[in-house]
Structure formats: structure tokens, C-alpha cells
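Peer 1: this one's sequence-less:
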């Protein structure tokens, strides 16, 4: 177990390194200097670049950046003078985390319930309906759902607020938009694994023992069937993070996603870099955790060679 | 002589060996529906831009924001451009990105997975570790960074999507090959002296076809979604080229006054993604039923 953990952590660090390097060189290669938008003369442009260290050779900039990174210094935003990247992250992070966390929770709960219902229901209408639902849920893009929800509930019916995060009802639409896709995926996963598990011998034994079907479902089947879902939480986190780009832009929520989209538009190198690194750490971290949890729960995974 | 023995051996003796082909294909409603929808969309995407009198970029300020009419089936946008034509131009781009990425990721994934799965041990471990490192990063980040550097065109989107799109397929191919490597028909082929490439081509890959085809099919809507997503956010294809994502983004500002401008590209995009998803779901079901039966 320790060896497996060590291996996974090593891969995580390597991946992060690859990401940081790629992000660094790609942002530096972007056409246009971050100071070009203002009407500054050539001399001012040059001296600004000098002050931010942009005129030094690429490799030196890279080394400096890595050095600072290890110290936890992600640099200063180019576009907002005096604001460090870390500050921006600290301000924006809680909102994105709140939305993402709620979305994952909703998806896990509803997805599991729907999946179980689909697998165990006798009515063809229920089974077909939920199956169709999963196909729609995985097919319709999250920004489309966000726009449609915003249109129907926000504009036409004026039932729910569509901007900012002032009160609890502000969370409803963005969380739903984010959660639809993972819910559909989890429902599909659950329905497949649950159906498989239902055929297994230990379920027959439980029934023969006289255990009520509900209790069987909870104590036995769910424990086995839930592993693929746990496995999915890692990629789901990545999806929610990238999904936050659009949902936050559409609902005007000042979270990480919106900061990232804006920083790209502004060509704010350090902010783009810092946010990319941060998001990479979060995704890799969550993947690592869920991987280790799965390995801990299911010894077969540990032994399987990957 | 060797060839004859070899060919006889592979004549579908093993019940799960499909090298000889020929299994019953039952009617599959998902594939049928999805297939018809997709065919219709492809037809429209090819024909409409060719047949329509309007171009996707000619602006006509006099007919701004017009509703649907016989001349402009989907109406016009805020610059007076015909939305019908633009929607189908956008569909072309989505189809191109979808098919292109499925093709590239398919080829790379199959090659990589076959080599890793067949070689085994050290080679396999190294290859899979490398894939893990690349895979750990959300692909959208790659795509965005590449788009920023190489410019907003179809090529860079394809490159971005394909950088990590092949990894999932490679894992599946590798898994299937490792599963089938020691089966009787493969061992028999090896004993009869067949070379590696032949074994892969004629035996292992055809038997692994089920999950592989399903995965490649699902790659298409994923790519279409990524392209639309990026265009919507503003990092994708640049104006005036019409991508379904940019159309939706453009119409968004008019949502309260002219909602239909947003609905048309949304509906087409959804039908496009859903039709391919249906085909994939149908293929998945068929592959599962075939394995069980």
C-alpha cells in the first residue's frame, strides 16, 4: 500500500511539473505583450517589460519562476498592479469550491438514487425514462443547460436569481447546471454496476436469509457497486473545475473560472500561469485522494498492474 | 502449407473469436435513431452552405434581428447575417473537429495500446506511466493554452484535443489485448508462426473491436462539446467564422429580446451531440449483449 501511494504521488508531482512547464512556455509564446493594450509608447513599453523581467532570456525567467513557485510565490498580476496572484486565488477560491462541492454532492446523491431506481425498477417506463434522461444529461453541454435554465427560470418566470451569490437561492441554478452531467454519468455507472451486482450469489443468499430488499441494497450491494462511482469523482472534479469557467461567466459569479477566462482575454501571464498551476494541483490532488481511497477499499486494485 | 493450417485454425472455432466475422446483428433502435439524425444533420451541413444564397459573413443592417421567414429560415442576427446558413457552417466545423479528433485519437490510441499491451512488462509499465502523467491534467487546460499560442483555428483545436484524447482508448486497447493475449486462438496463431503484426491485425484487434469502437464513437461528441465550449468562452474559433459555440455566445446578449437566435444553434448542437451519443449507446449495448450471449 505504501509503495502504491509512493508511486501515485510521484506521478502526481511529475504531472504537475509537466503542466507548469507547458503552461509557462505556452503563455510566453502567446502573441502580444500584456502591456500592449494601453496607448503606451515604445520606450514605456520596454521599461515596463524590463521591470517585470520580461526582457530576460526565457530559460532564466523559467528558473526564476520555478524558484518562486517552490517558495509559494506565484507572482504579481500584470493587469492589476499590486495584486498578487495568491490574493486573487484566495478571494475567488471559496465560491468555486462551494459551487463545485454542492454540485458533486447533488450529483452523487441523485445519480446514485436514480441509478439504483433504474436498475431495480420493474416498470419499463421508469427504466426507459431514466435511461433517456442519462443520454440527455451526458449529451447536452453544461453551458447550454445554464443558458436554458437562466432563460426559463430567471428571465421568463423570474423565479430564481441569476447573478452573483448573494443568498442561498442564488446557488440553485449554477449548481444544477454544473451537476447535470455528473449526475447522468453516475446514474449510468450505478445502473450498470448495480444490475451486475444484483445477479451475484451473495444477493441471492441475502434474500434466502430473509433480508429485506432495501437493507440488502444498502448494506451489501451499494458497498461494491459504489467503487466505480468513487473512481469517477476524480475526473468529475476536473470536469466541474472546467465547467465553472462557463457557469461562473454566465451567472456572473466571481470565482476562479471567471478569473481564468478574464485573464486569458487580458493576456495576464502570471495570473494565467498561477491559476493553471493551482487548478492542476487541485485536480491532481483530488485524483490522487480518490485513487488511494479506491486502493484502500479494494485490495485487488492495489495488486493490479497499471 | 503453413498458411493453410493457420487459416483453418482461425475459422471461428472458439465461440468468442470473431476473427472470422459473421454474427447476427439484431435491430438496434438507438443506433438507428441516432444514425438517421446524424445523417440528416450531415446532409444539411454539406448542402445548405452550398445552396443558400447567403454567405455566413455578409452583413445587412436593414434586416437586423429579423424573425424566421421563408427567406431566412432561422432569422437574422444583430448584424443582419442569415442565421440558418451560419448554423450549418458551424455544424460543419463541429463535424470536422469531431470526426478528425476521433480519427487521430483512434489511430494513436490503438497503436499505443497495442504496443503496450502486447509487449508487456517493462515497456508496458513505462508507456502507461507516461500516459498517466499526461492524463493527470484536465485536457481543457492544454487546449486553451495551445489555442492561445497557435491561434484560433480548427487545427489547433484538433491538436489540443488529441494531446490527451487518445489515452483513454489506449488503456482500453491495452486492457483488451492483455486479456486476449493468452487465449487459445492467439496461442495457436503464435505456435503456427504468425508474426506480431499479423496476430494483432487478424486476431487480437478484431476481438477487441467492441469496446474500442464504442470508445471512439464517444470521442466524437466529447470533441464537439469541447469545441463549442471553447468557442462559447471566446477561446475557440474566431469571428466571423461561425462555430455553434460563437453563435450561442453572440445570441446570449440578446437573450431577453430575441431568444430564438440562441435557440436555433443550441438545438442543432444538442441534436448533433445526442445523435452520436445515441449511436454510441446503441453500440455499447450491442457489444455488451454480444459478450454475454
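Peer 2: Received, thanks. Keep in mind the model is a prediction, meaning the values are calculated, not measured. Residues are numbered from 1 along each chain as shown, chains lettered A, B, ... in the order given.
Peer 1: For chain A, which residue gets nearest to chain B?
Peer 2: Closest residue of chain A to chain B, Cβ to the nearest Cβ: residue A:15 (3.6 Å). Quick note: C-beta positions are derived from backbone N, CA and C, even for glycine.
Peer 1: That residue contacts residue B:133, correct?
Peer 2: Yes. Between residue A:15 and residue B:133 there is a contact at 4.7 Å, judged by Cβ atoms under 8 Å.
Peer 1: what's the helix or strand for the residue of chain A closest to chain B?
Peer 2: For residue A:15, the element it lies in under DSSP states H and E is helix A:2-29.
Peer 1: now that helix: mean pLDDT?
Peer 2: Per-residue pLDDT values over helix A:2-29 give a mean of 77.
Peer 1: Show me what that helix is packed up against.
Peer 2: Counting contacts by 3 or more Cβ pairs under 8 Å, 6 or more residues apart in numbering or on different chains; DSSP states H and E, helix A:2-29 packs against helix A:58-71, helix A:269-297, helix B:121-135, helix B:139-150.
Peer 1: how big is the angle separating the longest one from helix B:139-150?
Peer 2: Inter-element angle recorded for helix A:269-297 and helix B:139-150: 160 degrees (by axes from the mean of the first three to the mean of the last three Cα atoms, to 10 degrees).
Peer 1: Quick check: buried residues in helix A:269-297?
Peer 2: Across helix A:269-297, burial judged by 16 or more other Cβ atoms under 10 Å in any protein chain shown covers A:269-280, A:282-284, A:286-288, A:290-292, A:294-295.
Peer 1: on that earlier part again, tell me which of the helices and strands packed on helix A:2-29 lies nearest to residue A:157.
Peer 2: Smallest distance to residue A:157 across these (Cβ to Cβ): 32.2 Å, for helix B:139-150.
Peer 1: orientation of that closest one relative to helix B:121-135 in degrees?
Peer 2: Using the same axes, to 10 degrees: helix B:139-150 against helix B:121-135 is 70 degrees.
Peer 1: List the contacts of helix B:139-150.
Peer 2: Applying Cβ atoms under 8 Å, 6 or more residues apart in numbering or on different chains, the external contacts of helix B:139-150 come out as A:19, A:22-23, A:26-27, A:29-31, A:242, A:245, A:264, A:276, A:279-280, B:156-157, B:159-161, B:163-165, B:226, B:229-230, B:235-236.
Peer 1: Now with 7 Å, please.
Peer 2: For helix B:139-150, the surrounding residues in contact (Cβ atoms under 7 Å, 6 or more residues apart in numbering or on different chains) are A:22-23, A:26, A:29-30, A:242, A:264, A:276, A:279, B:156-157, B:159-161, B:163-165, B:226, B:230, B:235-236.
Peer 1: list the buried ones in that helix?
Peer 2: Neighbour-count burial for helix B:139-150 flags B:139-148, B:150 (criterion: 16+ other Cβ under 10 Å).
Peer 1: list the helices and strands the very next helix or strand once past it packs on?
Peer 2: Once the chain leaves helix B:139-150, the next helix or strand it forms, by DSSP H and E, is helix B:154-180. Here helix B:154-180 touches helix B:83-119, helix B:121-135, helix B:139-150, helix B:205-233, going by 3 or more Cβ pairs under 7 Å, 6 or more residues apart in numbering or on different chains; DSSP states H and E.
Peer 1: Worst mean pLDDT among those?
Peer 2: Least confident of the helices and strands packed on helix B:154-180, judged by mean pLDDT, is helix B:139-150 with a mean of 77.
Peer 1: Let me know the angle separating that one from helix A:2-29.
Peer 2: Using the same axes, to 10 degrees: helix B:139-150 against helix A:2-29 is 30 degrees.
Peer 1: Can you pull up the residues of the stretch 1-150 of chain A that come close to chain B?
Peer 2: Within the stretch 1-150 of chain A, the positions near chain B by Cβ under 7 Å from any Cβ of the partner chain are A:11-12, A:14-15, A:18-19, A:22-23, A:26, A:29-30, A:135-136, A:138-141, A:143-144, A:147.
Peer 1: Chain A contacts on the stretch 1-150 of chain B?
Peer 2: B:128-129, B:132-133, B:136-138, B:140-141, B:144-146, B:148-149.
Peer 1: is it true that residue B:204 touches residue B:187?
Peer 2: No. Here residue B:204 does not reach residue B:187: they are 11.8 Å apart, not a contact under Cβ atoms under 7 Å.
Peer 1: Looking at these two, which is more packed in?
Peer 2: Each of residue B:204 and residue B:187 has its neighbours counted (other Cβ atoms under 10 Å in any protein chain shown); residue B:204 has more, 26 against 11.
Peer 1: Could I get the contacting residues of the more buried one?
Peer 2: B:177, B:180, B:186.
Peer 1: same thing but 10 Å
Peer 2: Counting by Cβ atoms under 10 Å, 6 or more residues apart in numbering or on different chains, residue B:204 makes contact with B:19, B:114, B:117-118, B:173, B:176-181, B:183, B:185-186, B:189, B:196.
Peer 1: Neighbour-wise, give me the winner out of those.
Peer 2: Within the contacts of residue B:204, neighbour counts (other Cβ under 10 Å) peak at residue B:173, which reaches 29 neighbours.
Peer 1: what's around the spatially closest residue to it that is not a sequence neighbour, how many residues?
Peer 2: The shortest distance from residue B:173 to any non-neighbouring residue, by Cβ to Cβ, 6 or more residues apart in numbering or on different chains, is to residue B:113 (2.8 Å). Number of residues near residue B:113 (other Cβ under 10 Å) recorded here: 30.
Peer 1: With residue B:59 instead?
Peer 2: Look at residue B:59: counted by other Cβ under 10 Å, it has 15 neighbours.
Peer 1: That one in helix, strand or coil?
Peer 2: Following DSSP: H, G, I helix; E, B strand; the rest coil, residue B:59 is assigned to coil.
Peer 1: Residue B:155 contacts residue B:101, correct?
Peer 2: No. The pair residue B:155 / residue B:101 is not scored as a contact, 11.5 Å apart, by Cβ atoms under 10 Å.
Peer 1: These two: who's more crowded?
Peer 2: Set residue B:155 next to residue B:101 and count neighbours by other Cβ under 10 Å: residue B:101 wins out with 26 against 11.
Peer 1: what's around the nearest residue to the more buried one once chain neighbours are set aside, how many residues?
Peer 2: Closest residue to residue B:101 apart from its sequence neighbours, by Cβ to Cβ, 6+ apart: residue B:223 at 4.0 Å. Per other Cβ under 10 Å, the neighbour tally for residue B:223 reads 27.
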